[in-house]
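# have a look at this fold, sequence not included:
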């Protein structure tokens, strides 16, 4: 709301207000070293949006002092994040053109998909031949069965020679498939979403285990590490389509592979979105449970034999059923209550996991105060979290 107000005021009073706003922005920039992390995040979002409405004009040379500082210092990080957010609102070459050449170290990298199987010099890589076959098959609109048939030739590096049963989790198979698919669908967000939808069954089989889900996220990051926005939207889509779950995202964020990006704001954007989705799902199940309880209470209040004997239809999250009212309501209520308790447990364990990792995470790039502030930014409703019997913060392994 205030962003739109400031934009309109600058347009209505072009002779005075832009200068005042520029001075205020300069003062905020000078105080970045002592500014709360949440305020820095909001400052980045406002400033990048404001610039996008005024052709990204700014005296970037006045902020050249950030170039002499460590890239993890607040001023350098602020400029880097602002330029990245501006790229989301425009395109990379436009952002490169508006900043001085000396700011190239802070400018966004080219948002291209890194496909290691596309270089003929990597012929010796395991899975290279399968990746070529997979590329041809996907371009020819292969079915899921055909994709599975191609992937069965991928060796499992986790399988022992004397193990006839094998492993459900095959990291090389996931790497070849996900890298190839993301490369072929790299043209736009819509192409990537369509690819995820078309081969959803393949993803579900490959990422059946917790290790598989975690490895899918690793491969997505490796392919799109130069395009944080693509990572964020792909992870969001994978959670919505249940290719990965919230616990896998949390484990991935606190993994060693993501340590050097731990203080990047896109990482916390993903984490906030994950927590909100989980909490929203718990609230939805809680609402269904309360509605079912009310239906059950009305049934007991009426206590009519004719109503108990007459079949009714229920359609909702648990499907469509036709059965006597008493058994149907009790069954739906029982299932909803079990779902609600299970999801509460999942949400609480997820939040305890995040708190434990934020307080103990060993990373040289993130100061303890940064971690504490990030913990305070997590958006959830504590009233909906039921303590698990026998589970305390001190019992977390």
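Great, that's in hand. All values derive from a computational prediction rather than experimental measurement.
# shaky segments in this protein?
Low-confidence segments of the chain, defined by pLDDT under 70: 1, 160-168, 303-397.
# grab the most central residue of it for me.
residue 270 (3.5 Å; C-alpha atoms, centre = their mean).
# was I right to think that residue contacts residue 253?
Yes. Counting by C-beta atoms under 8 Å, residue 270 touches residue 253, with 6.9 Å between them. Bear in mind the C-beta positions are built from the backbone N, C-alpha and C, glycine included.
# and the helices in the stretch 51-200 of the chain?
74-88, 92-98, 128-139, 144-151, 171-184, 189-198, 200-206 (DSSP state H, counting those that start in this stretch).
# how about residues contacting the longest one?
Contact with helix 74-88 is made by 29, 32-33, 35, 40, 43-45, 47-49, 51-52, 56, 63, 65-67, 69-71, 95, 99, 103, 106-108, 111, 228-229, 263-266, as judged by C-beta atoms under 8 Å, 6 or more residues apart in numbering.
# buried only: go through the residues you listed for me.
Among the contacts of helix 74-88, those classed as buried by 16 or more other C-beta atoms under 10 Å are 29, 32, 35, 40, 43-44, 47-49, 51, 56, 63, 66-67, 95, 99, 103, 106-108, 111, 228-229, 263-266.
# show me the domain layout of the chain.
As given by automatic domain parsing, the domain ranges for the chain are 2-105, 116-244, 273-395.
# winner for burial among these?
domain 116-244 (a mean of 17; mean count of other C-beta atoms under 10 Å).
# ends of that one, how far apart?
23 Å (C-alpha to C-alpha, to the nearest Å).
# cool, and stretch 197-209?
20 Å.
# quick one: contacts of that stretch?
So stretch 197-209 is in contact with 144, 147-148, 151, 168-170, 173-174, 177, 181, 196, 212-213, 215-216, 238, 241-244, going by C-beta under 8 Å, 6+ apart.
# the same query, at a cut-off of 7 Å, please.
144, 147-148, 168-169, 173-174, 177, 181, 196, 212-213, 216, 241, 243-244 (C-beta atoms under 7 Å, 6 or more residues apart in numbering).
# what's the longest helix along the chain packed up against?
In the chain, taking DSSP state H as the definition, the longest helix is helix 265-302. Other elements packing on helix 265-302 under the criterion 3 or more C-beta pairs under 7 Å, 6 or more residues apart in numbering; DSSP states H and E are helix 228-240, helix 246-253, helix 325-360, helix 368-377.
# what residues does the shortest one touch?
Applying C-beta under 7 Å, 6+ apart, the external contacts of helix 246-253 come out as 210, 213-214, 217-218, 235, 239, 258, 267, 270-271, 274, 277-278, 350, 353-354.
# so it versus helix 228-240, what angle?
150 degrees (axes from the mean of the first three to the mean of the last three C-alpha atoms, to 10 degrees).
# what separates helix 246-253 from the chain centre, distance-wise?
9 Å (C-alpha atoms, centre = their mean, to the nearest Å).
# after the helix or strand where residue 5 lies comes which helix or strand?
Taking DSSP states H and E as the criterion, residue 5 maps to helix 2-12. Going down the chain from helix 2-12, the next helix or strand is helix 17-30, by DSSP H and E.
# fine by me, thanks again.
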